[in-house]
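Trainee: I'd like to go over a predicted model; first the sequence, then the structure.
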Amino acid sequence: MYRIVREENMLTSKVKYFIERQKGWFIKSWTRDLGVPGISGPLGGTTLDGAKYKLEIIKEGNHIVKDIMEIHR
């Protein structure tokens, strides 16, 4: 289960949205470590729509897309 948390820095008036994942089986808590390969630290966006877009990508499981651009022989 995931949730999006809105945080506002009262000193700078900046707002950020962070994605959190529920962890634990018996005692449940929330963590910003999403376990996404290649990403360390919190993930989210500066807008709610940006955070929702990233959350959909996380749910799909397609974090990295590879394309072959050129083949030389």
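Mentor: Nice, thanks for sending it over.
Trainee: CA atoms for contacts and neighbours, from now on please.
Mentor: Will do.
Trainee: which ones are touching Lys23?
Mentor: By Cα atoms under 8 Å, 6 or more residues apart in numbering, the residues touching Lys23 are Ser29, Trp30, Thr31.
Trainee: can you tell me which of the residues you listed are in strands?
Mentor: Ser29, Trp30, Thr31 (DSSP state E).
Trainee: and the gap between the residue positioned nearest the centre of the chain and Arg73?
Mentor: Here the mean C-alpha position of the chain is nearest to the C-alpha of Leu43 (Cα atoms, centre = their mean), at a distance of 3.6 Å. Per Cα to Cα, to the nearest Å, Leu43 is found 40 Å from Arg73.
Trainee: Could you report the neighbour count for Leu34?
Mentor: Per other Cα atoms under 10 Å, the neighbour tally for Leu34 reads 19.
Trainee: ok, it - contacts?
Mentor: Glu20, Arg21, Pro42, Leu43.
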